[in-house]
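**Student:** Below is the sequence, then the predicted model.
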Amino acid sequence: MSKKSVNRVRAAETELKEKMVALNRVAKVTKGGRTFSFAAVVVVGDGNGTVGYGLGKARDVQEAIAKAVDDAKKDLIKVPILKGTIPHAQKGKFGAGRVLIKPASDGTGVIAGGAMRAVLESAGIHNVLAKSHGSSNPHNVIKATLDALSKLRTPYEVSRQRQVRLERVFQG
């Protein structure tokens with residue numbers, strides 16, 4: 001990798017904003033007593049269609065968050081955004097977590113709860129209606145939301161797959 005491309009990768013990483021979704025203190029019981037550690041769930045995104053999720057565990061809160069951010073940067077997905085919203089309604093699931101996301105008109109805002117809101121805002125989606133069914137566990141909700149976002153298709157992809165003109169996709 002050339003020096004120029006390394007700088008480009010670093011510049012791309014600095015643009016990512018991070019949001020901590022959940023912090024959990026866990027205890028391991030040993031002969032000498034309880035040993036506490038922390039598990040952090042973080043969502044990172046550039047606000048322009050790129051989003052990722054990470055989990056980090058450590059004895060210190062800051063270290064757990066840093067590990068989670070590093071983990072999130074390794075698994076980024078690209079989300080299609082049209083006029084500040086998503087192209088079409090989509091369902092996603094992971095484990096017992098089920099989510100439904102729908103496009104919304106301009107000025108609606110992000111109508112979503114907790115973990116879903118963090119993912120959608122990090123992705124740069126400004127107008128969306130979202131509902132979470134089933135599990136409220138932040139891990140499952142985030143992964144279900146990312147599943148739904150990864151299934152989204154742009155009108156261009158739909159027209160190419162159906163082998164019809166772009167105008168025909170918007171008609172029916």
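**Tutor:** Received, thanks. This structure is a prediction, so every number in the text was calculated from the model and none was measured. Residues are numbered from 1 along each chain as shown.

**Student:** give the contact list for the spatially most central residue of the chain.
**Tutor:** For the chain, the residue nearest the mean C-alpha position is Val119 (3.9 Å; Cα atoms, centre = their mean). Val119 is in contact with Val43, Gly45, Val51, Tyr53, Ile142, Thr145, Leu146, Leu149, counting by Cβ atoms under 8 Å, 6 or more residues apart in numbering. The way it works is simple: take the backbone N, C-alpha and C, and place the C-beta from them, glycine included.

**Student:** give the contact list for the fourth one.
**Tutor:** Right, the one you point to is Tyr53. Going by Cβ under 8 Å, 6+ apart, Tyr53 touches Val41, Val42, Val43, Val44, Ala72, Asp75, Val119, Ile142, Lys143, Leu146.

**Student:** swap in the first one?
**Tutor:** Applying Cβ under 8 Å, 6+ apart, we find Val43 in contact with 18-19, 21, 51-54, 72, 115, 118-119, 122, 142.

**Student:** Buried ones among those?
**Tutor:** Neighbour counting by 16 or more other Cβ atoms under 10 Å classes 18-19, 21, 51-54, 72, 115, 118-119, 122, 142 among the contacts of Val43 as buried.

**Student:** out of those, who's nearest Tyr156?
**Tutor:** Tyr156 has its nearest neighbour among these in Val51, at 20.5 Å by Cβ to Cβ.

**Student:** How is that closest one assigned, secondary-structure-wise?
**Tutor:** Assigned with DSSP: H, G, I helix; E, B strand; the rest coil, Val51 falls in the strand class.

**Student:** Can you pull the phi and psi angles for the residue lying closest to Val141 once chain neighbours are set aside?
**Tutor:** Computed as Cβ to Cβ, 6 or more residues apart in numbering, the closest residue to Val141 that is not its neighbour in sequence is Ala115, at 4.3 Å. Per-residue torsions, Ala115: phi -70, psi -40 (degrees, to the nearest 10).

**Student:** I'd like to know how far Ala115 sits from Lys31.
**Tutor:** Distance, Ala115 to Lys31, by Cβ to Cβ, to the nearest Å: 37 Å.

**Student:** One more: Ile101?
**Tutor:** 48 Å.

**Student:** which of the two has more neighbours?
**Tutor:** Set side by side, Ile101 and Lys31 show more neighbours around Ile101, with 28 against 4, by other Cβ atoms under 10 Å.

**Student:** ok so, going back, make sure the residue nearest to Val141 is actually in contact with Val42.
**Tutor:** No - between Ala115 and Val42 there is no contact under Cβ atoms under 8 Å: 11.2 Å.

**Student:** How far does stretch 66-75 sit from its chain's centre?
**Tutor:** Stretch 66-75 has its C-alpha centroid displaced from the chain centroid by 12 Å (Cα atoms, centre = their mean, to the nearest Å).
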